[in-house]
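A.B. asks: coords please:
(one chain, ligands or ions: 2)
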Amino acid sequence: MSVRVGILGATGAVGQRLIQLLDPHPEFEIAALTASESSEGKAYRDAAKWRVDSPIPDEVADTTVAATDPDAVPDDVDLLFSSLPSSVGAEVEPAFCEAGYVMSSNSSNGRMDNDIPLVIPEVNADHLDLLEVQRDERGWDGAMVKNPNCSTITFVPTLAALAEYGLERVHVATLQAVSGAGYDGVTSMEIIDNAIPYIGSEEDKLENESRKLLGEFDGASLSHDGVDVAASCNRIPTIDGHLENVWVEAEDDLTPDAAAEAMREYPSLDLRSSPEQLIHVFEEPDRPQPRMDRTLGDGMSIAAGGLRESTFGLQYNCLAHNTIRGAAGASVLNGELLLEEGYL
Ligand SMILES: NC(=O)C1=CN([C@@H]2O[C@H](COP(=O)(O)OP(=O)(O)OC[C@H]3O[C@@H](n4cnc5c(N)ncnc54)[C@H](OP(=O)(O)O)[C@@H]3O)[C@@H](O)[C@H]2O)C=CC1
Ligand SMILES: N[C@@H](CC(=O)OP(=O)(O)O)C(=O)O
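C.D. replies: Ligands and ions are numbered 1, 2, ... in the order given. Okay, the predicted model is just below:
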């Protein structure tokens, strides 16, 4: 039996990726699509400026876009994926959970709240049980799990693989694709022949979300990891795929060979959208590269390479597809985890 799902913010960049991933999904069936007032009541084909690299599924194209309001979504929808702007998410997501909907959200509002699990299933699936605390505290019949920011998702699995060496300090510099800013985010005049060394709030997200993801849940509360993380974020003119340069200082001796082995052996999961190999480590010094490596594992793998010793400890590069592993795919994976753990 398939789970009936709805997508909030279905016409946007991440919403379209969600449709692309969910339409062929064997466990999930798309049953509702919502967007802003300007799209409400229109057929999806007329409301969305479709831009992903496969055609709009016929059934989706004919679906009427509903208002982003709990009363406009059928009661028999079991799971909602949210890809709303965070200001809108902050306003409407709690109302859906109060009305009984279980939600896997990609929007940044609430990610750092103590009772909202921020989850990358391969890293901290056990944090999902924070939903029991959430339901107690908020009195919700529904529930809300969040996936992290796309740049955070790119480097945290590599840190999780190295955690046994005792992480002390991490520096990370990002080279982020334009799709991360949404379709209307960066104009061509701003980004062609250019790089922009500022992405609003992004550095704080990498620094804080990473410590929450690597933290420990004791069944009642979550403590954040003590590692110090410093981030510098840059926008570059690639379409998809965030590349990151990382320096890690650890308590124990951490050689490039040991780090490569730990990353290669870091386990994936059996969830439907989990890649077979979570972290793919390249030997070639000039990999990973966005255009060549962002679709590894159907866009759900992390690629790493360039592992070497530096003045500031271990140095390497990592890469992930920002709208798949970093956004829509991350939400779908959390939906699959909710299903496996009996929340649906
Ligand atoms: N792009 C990326 O790589 C990533 C994005 N995110 C996050 O995901 C979310 C969505 O991003 P993205 O898809 O790029 O954004 P877009 O701007 O492309 O899409 C926004 C969506 O939200 C809808 N929307 C806007 N305002 C309202 C409103 N007032 N009420 C109801 N619906 C509304 C839009 O509908 P309409 O078409 O009708 O205006 C559209 O469906 C954001 O929170 C973003 O920060 C996270 C990680 C990565
Ligand atoms: N800010 C990210 C994408 C994003 O929207 O992140 P968040 O989900 O934290 O709002 C980028 O520009 O690449």
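
A.B. asks: Please count neighbours and contacts with C-alpha atoms only from this point.
C.D. replies: OK.

A.B. asks: Which pLDDT value does the model give G6?
C.D. replies: On pLDDT, G6 comes in at 98.

A.B. asks: so what's it up against?
C.D. replies: I30, A31, A32, L33, T34, V73, V77, L79, L80, F81 (Cα atoms under 8 Å, 6 or more residues apart in numbering).

A.B. asks: go on, M1?
C.D. replies: Applying Cα under 8 Å, 6+ apart, the residues near M1 are E27.

A.B. asks: which among the contacts of G6 gets closest to ligand 2?
C.D. replies: F81 (13.4 Å; Cα to the nearest ligand atom).

A.B. asks: How far does the helix or strand containing that closest one sit from its chain's centre?
C.D. replies: Using DSSP states H and E, F81 falls within strand 79-82. Strand 79-82 sits 14 Å away from the centroid of its parent chain (Cα atoms, centre = their mean, to the nearest Å).

A.B. asks: Got phi/psi on D184?
C.D. replies: In this entry, D184 is assigned phi and psi values of phi -100, psi 20 (degrees, to the nearest 10).

A.B. asks: circling back: with respect to N334, which of the contacts of G6 is nearest?
C.D. replies: Among those, F81 lies closest to N334 (Cα to Cα), at 9.7 Å.

A.B. asks: can you pull the contacts of that closest one?
C.D. replies: In this structure, F81 makes contact with V5, G6, I7, L8, M103, S104, S105, N106, S331, V332, judged by Cα under 8 Å, 6+ apart.

A.B. asks: Could you check which helix or strand contains the last one?
C.D. replies: Assigned by DSSP H and E, V332 belongs to helix 329-340.

A.B. asks: Could you confirm whether any residue of that helix contacts ligand 1?
C.D. replies: No: judged by Cα under 6 Å from any ligand atom, helix 329-340 and ligand 1 are separated, with a smallest distance of 9.2 Å.

A.B. asks: let's have the chain start at 37 instead
C.D. replies: Fine by me, first position is 37 from now on; the one you just mentioned is helix 365-376.

A.B. asks: what does that helix rub up against?
C.D. replies: 54, 57-58, 115, 117, 140-142, 155-157, 161, 181-183, 307-310, 336, 359-360, 380.

A.B. asks: Whichever of the residues you listed end up buried, select them in PyMOL.
C.D. replies: Buried residues within those, by 16 or more other Cα atoms under 10 Å, are selected in PyMOL with:
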select buried, resi 54+57+58+115+117+140+141+142+155+156+157+161+181+182+183+307+309+310+336+359+360
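
A.B. asks: Can you tell me which of the contacts of G42 end up in helices?
C.D. replies: Among the contacts of G42, no member falls in helices (criterion: DSSP state H).

A.B. asks: what would these look like in CSV with distance to Y219 and pLDDT?
C.D. replies: Shown next, in CSV, are the contacts of G42 (distance: Cα to Cα, whole Å; pLDDT from 0 to 100):
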residue, distance to Y219, pLDDT
I66, 23, 98
A67, 25, 98
A68, 23, 98
L69, 19, 98
T70, 18, 98
V109, 26, 97
V113, 28, 98
L115, 26, 98
L116, 23, 98
F117, 19, 98
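
A.B. asks: Let's have those in TSV, adding distance to ligand 1.
C.D. replies: As requested, these are exported to TSV (distance: Cα to the nearest ligand atom, whole Å):
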residue	distance to ligand 1
I66	15
A67	16
A68	13
L69	9
T70	7
V109	13
V113	18
L115	17
L116	14
F117	11
